[in-house]
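Undergrad: take a look and give me a structure for this.
(chains A and B)
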Amino acid sequence: DTAVSQTPKYLVTQMGNDKSIKCEQNLGHDTMYWYKQDSKKFLKIMFSYNNKELIINETVPNRFSPKSPDKAHLNLHINSLELGDSAVYFCASSQYEGYNGYTFGSGTRLTVV
Amino acid sequence: AQKVTQAQTEISVVEKEDVTLDCVYETRDTTYYLFWYKQPPSGELVFLIRRNSFDEQNEISGRYSWNFQKSTSSFNFTITASQVVDSAVYFCALSEARNTGNQFYFGTGTSLTVIP
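TA: Numbering: from 1, shown residues only, chains lettered A, B, ... in the order given. Take a look at the predicted model:
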């Protein structure tokens, strides 16, 4: 059983399109995250949800909108995709007091052409 | 300011050599947690170790060992007798107990290449 699953694994799309990435965890964690990894491998947090409530919202364009229907799911919707959105997006989960660390999904490689 | 610094961007070693990956962190908290993650060429992020600020014991797991020194704010990672499968990007990360939402601060990663 995959602990944190993201779909799709690869996403190639044209500029201006709208796309979504889905994430689900079956670990019973109460907090989920989206991280963006750029071409230089730098990992930066975008959003964090705890029990469906947004608790971290870093400086991210409004075109990015997370949605958490329940604590096991955190989806990322991106409107009007731009070339600079090309990156690998990682979903992760942990307990709120996540001293045991994050469990990451396998990543979604988004390429905007 | 960068909370986690991995000064080594890229390292290459020949198989069977030992290699140490450096990590220096910055925090004002007395309670915090340090982590290492491995990202192999396949791209997933794999948890390696967690260390809390109250436990300065070094840890060894097979060929891997970690040296945590609060006095120098460092949490270095050593691979003994490196193997080609160790080739990956390694990330050090910090989580502060007072953080809202358990935000991790990642270093910029060290890309390790082990040459056969």
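Undergrad: ok, the closest residue to A:K44 other than its chain neighbours - how many residues close by?
TA: Among residues not flanking A:K44 along the chain, A:K36 sits closest, at 5.4 Å (C-beta to C-beta, 6 or more residues apart in numbering or on different chains). To be clear about C-beta, it is placed using only N, CA and C from the backbone, and glycine gets the same treatment. Using other C-beta atoms under 10 Å in any protein chain shown, A:K36 is surrounded by 20 other residues.
Undergrad: would you check how far apart A:K36 and B:R51 are?
TA: Counting by C-beta to C-beta, to the nearest Å, the separation of A:K36 from B:R51 is 26 Å.
Undergrad: do the same with B:S95
TA: 11 Å.
Undergrad: neighbour count winner among these two?
TA: B:S95 (24 against 18).
Undergrad: just the pLDDT at the closest residue to that one other than its chain neighbours, thanks.
TA: Residue nearest to B:S95 in three dimensions, not counting chain neighbours: B:Y33, with 4.5 Å by C-beta to C-beta, 6+ apart. For B:Y33, the model assigns a pLDDT of 90.
Undergrad: tell me the helix or strand right after the helix or strand harbouring B:Y33.
TA: Using DSSP states H and E, B:Y33 falls within strand B:32-39. Following strand B:32-39 in sequence order, the next helix or strand is strand B:46-52 (DSSP H and E).
Undergrad: that next one to strand B:32-39, inter-axis angle?
TA: With axes from the mean of the first three to the mean of the last three C-alpha atoms, to 10 degrees applied, the angle from strand B:46-52 to strand B:32-39 works out at 170 degrees.
Undergrad: hmm, strand B:46-52 touching chain A?
TA: Yes. Residues of strand B:46-52 contacting chain A under C-beta under 8 Å from any C-beta of the partner chain: B:47, B:50, B:52.
Undergrad: so what touches the helix or strand bottoming out on mean pLDDT in chain B?
TA: When the helices and strands of chain B are scored by mean pLDDT, DSSP states H and E, strand B:59-61 comes last with a mean of 86. Outside of strand B:59-61, the residues within contact range by C-beta atoms under 8 Å, 6 or more residues apart in numbering or on different chains are B:49, B:51, B:65-66.
Undergrad: which pair of those spans the longest distance?
TA: B:R51 and B:S65 (11.9 Å; C-beta to C-beta).
Undergrad: in the next helix or strand after the least confident helix or strand of chain B, what counts as buried?
TA: Downstream of strand B:59-61, the first helix or strand assigned by DSSP H and E is strand B:64-69. Neighbour counts over strand B:64-69 (16 or more other C-beta atoms under 10 Å in any protein chain shown) mark B:64-68 as buried.
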